[in-house]
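In: Fold the following and give me the result.
(2 chains)
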There are 2 protein chains.
Amino acid sequence: MSNRKYGIIGTGALGGFYGAKLQQAGLEVHFLLRSDYLEVTQSGLVVDSKDGNFVLKQVKAYNDVKKMPQCDVVVVALKTTQNHLLSALLPPIIQPNGVVLVLQNGIGVEEEVARIVPNVEVIGGLCFLCANKVGPGHILHLDYGQILLGAYAANYQAIGITDKMQQIAADLENAGISTELTPDLLLGRWQKLVWNIPYNGLSVILDATTDELMANPHTCKLVEQLMSEVLMGAKSSDRLIPESFIQKMLEHTVKMTPYRTSMKVDYDQGRPLEVEAIFGNSLRKAKLAGVDLPKISCLYHQLKFLDRKSILKDTTDLT
Amino acid sequence: MSNRKYGIIGTGALGGFYGAKLQQAGLEVHFLLRSDYLEVTQSGLVVDSKDGNFVLKQVKAYNDVKKMPQCDVVVVALKTTQNHLLSALLPPIIQPNGVVLVLQNGIGVEEEVARIVPNVEVIGGLCFLCANKVGPGHILHLDYGQILLGAYAANYQAIGITDKMQQIAADLENAGISTELTPDLLLGRWQKLVWNIPYNGLSVILDATTDELMANPHTCKLVEQLMSEVLMGAKSSDRLIPESFIQKMLEHTVKMTPYRTSMKVDYDQGRPLEVEAIFGNSLRKAKLAGVDLPKISCLYHQLKFLDRKSILKDTTDLT
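Out: Modelled structure (predicted):
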């Protein structure tokens, strides 16, 4: 059993799930919360999981980062739309020799974190998790859960497998979370975008689930074309993803249970969309290398329009 | 006063409006109707127009093309989604020396008509009309109304101003409909698409009016990029539209009254969308010349998905 201290920034479905699993396995975990702080202080965290339900009656919950101890591993589990908060949240709680583990969507997020805590190792984690928060401190884990870890270095150069990656992987595995290590974080991020860009984008724009998109030959074709553009984006970063990867993703999606993407869930609940981390950063990265991705750009502009509309709607509901 | 006999195929808002204006000016007009046949036979046509309301108590209404006389000018005023009916509707009622006047959206529609009635002159009419059918045989004319006429020749070669164009223009002007003549129909069709492609497409996909699209910098940018692609499409047909045309369209739209496009009206009412005539034909024409229009293609696939969804919804309502 390691004695690494974990701090979870953002205790939603994802942060709450992984944090709870780590604590259940015996690690010391500190949770930063906002809206659910009172309930979690009183009643703890409830995880209804396909791998077995459990309740953590006592959790170390905080509503202020200043009250938290310094941690060996700080897990960034906020939505990327909250990343403007990181410069205030990260520095106070990270150990000098600590690690920031970024469990966020999109690309380029590790670069932001490295600018904020330049002397700390940053590791990216790509989560394949299907979980929702169904109430305050109450998480429903539906499917999957594995994490792919990759170390970040300047300009996303591939630096192989680090000691800290292996330590975190051991903690996660020990908590029952299947973990893989990649020597090339950027490749992993582009690979994940092959799925995320078409399905997250089109599900919001066309009000559709994955099975509806795959049942129509036109959206099926468009998904494939968008995936090809992601491969062009990856290539502009000198990362080669073979064409066969597209076919694999398409076949995988056809076989999946009909799925409402995370961006669609955000949209339906009037929450801000992760358009910049997933679409904007991809486009900017490719553009810096002189590569234009016209169909992804089309989706980007459409989502920026809908994003603003959804936030306006949300504000209206509150007043 | 000319003695040309007009036949109107499709007595919706557009066909009903122009047909009624021609009859009111003293011409013999025969109307083919489907859903409104009984009401129009009994009560005639009612036009509430910004230029003055009027009622035609007696109209020559038909529910079967076989009962109609042959006409000098057959006006195709159906939605292009009904064009599979034209091969049955056109041949019986066109005079040997007659004209077919195609008052439809999109591009390539005259080619279809010319295949059906190869020995008859085909003229394209681009209508700038804002009118709705508000009840059976009841048309509300809100704004505009002018028509741009251009003669069709094989491969859309520009053949200048024909006698028949001038005769029809005289009839229309005489009926109070402002008319212009173009020597190059294809140029006119591409120019109209500069507006129709971005606004019709995005209004449906993003559930937006023209003013909402122009108020957001992202959709404003996307509209401009789509317009640029239409210019590329026109260029692939050897038709040059200057860049300044885009700025003119954008400024014009900003100044317009907030507008729900015709495709959005169709979508909201569960009617089939004119995706093929406006988007599909443009893409195919450009592709034949080796030109790819990626953002228009993105909209095309999105609209094909939504089109099917809307028709399915409509069917559900009926059962």
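In: what does chain A have sitting close to chain B?
Out: In this structure, chain A approaches chain B at residues A:202, A:205-206, A:208, A:213, A:216, A:218-219, A:221-222, A:225, A:294-295, A:297-302, A:304-306, A:308, judged by CB under 8 Å from any CB of the partner chain. Quick note: C-beta positions are derived from backbone N, CA and C, even for glycine.
In: What's the separation between A:Pro217 and A:Gly137?
Out: Per CB to CB, to the nearest Å, A:Pro217 is found 44 Å from A:Gly137.
In: Give me the more crowded residue out of those two.
Out: A:Gly137 (26 against 12; other CB atoms under 10 Å in any protein chain shown).
In: tally of neighbours for the nearest residue to the more buried one once chain neighbours are set aside?
Out: In this structure, A:Gly137 finds its nearest non-sequential neighbour in A:Val40, 4.1 Å apart by CB to CB, 6 or more residues apart in numbering or on different chains. Other residues within reach of A:Val40, judged by other CB under 10 Å, total 24.
In: before we move on, what about the one 5 residues further on?
Out: Counted by other CB under 10 Å, the residues lying close to A:Leu45 total 28.
In: can you pull the contacts of it?
Out: A:11, A:16, A:19-20, A:31, A:55-56, A:59, A:137-139 (CB atoms under 8 Å, 6 or more residues apart in numbering or on different chains).
In: swap in A:Phe305?
Out: B:206, B:208, B:213, B:216, B:218-219.
In: what's the answer for A:Tyr6, then?
Out: A:Tyr6 neighbours (CB under 8 Å, 6+ apart): A:19, A:22, A:27-30, A:71-75, A:171.
In: Which neighbours in the sheet does the helix or strand in which A:Asp48 is found have, and how are they oriented?
Out: Using DSSP states H and E, A:Asp48 sits in strand A:45-49. Under the criterion DSSP bridges, strand A:45-49 sits next to strand A:54-56 (antiparallel), strand A:138-151 (parallel) in its sheet.
In: pLDDT of the first one, averaged?
Out: For strand A:54-56, the mean per-residue pLDDT is 98.
In: Just give me how far that strand sits from the chain centre.
Out: 23 Å (CA atoms, centre = their mean, to the nearest Å).
In: Quick check: what element follows it along the chain?
Out: Defined by DSSP H and E, the subsequent element after strand A:54-56 is strand A:60-62.
In: ditto for the last one
Out: Tracing the chain past strand A:138-151, the next element assigned as helix or strand by DSSP H and E is helix A:163-174.
In: List the buried residues of the helix or strand just after that next one.
Out: Toward the C-terminus, helix A:163-174 is succeeded by strand A:179-181 as the next helix or strand (DSSP H and E). The neighbour-count check on strand A:179-181 (16 or more other CB atoms under 10 Å in any protein chain shown) flags A:179, A:181 as buried.
In: for strand A:179-181, packing partners?
Out: Using 3 or more CB pairs under 8 Å, 6 or more residues apart in numbering or on different chains; DSSP states H and E, the elements in contact with strand A:179-181 are strand A:138-151, helix A:163-174.
In: Return the list of helices and strands in contact with whichever helix or strand comes after that strand.
Out: Moving toward the C-terminus from strand A:179-181, the first helix or strand encountered (DSSP H and E) is helix A:185-205. Counting contacts by 3+ CB pairs under 8 Å, 6+ apart, helix A:185-205 is packed against strand A:121-135, strand A:138-151, helix A:210-215, helix A:217-236, helix A:244-255, helix A:262-268, helix A:294-318.
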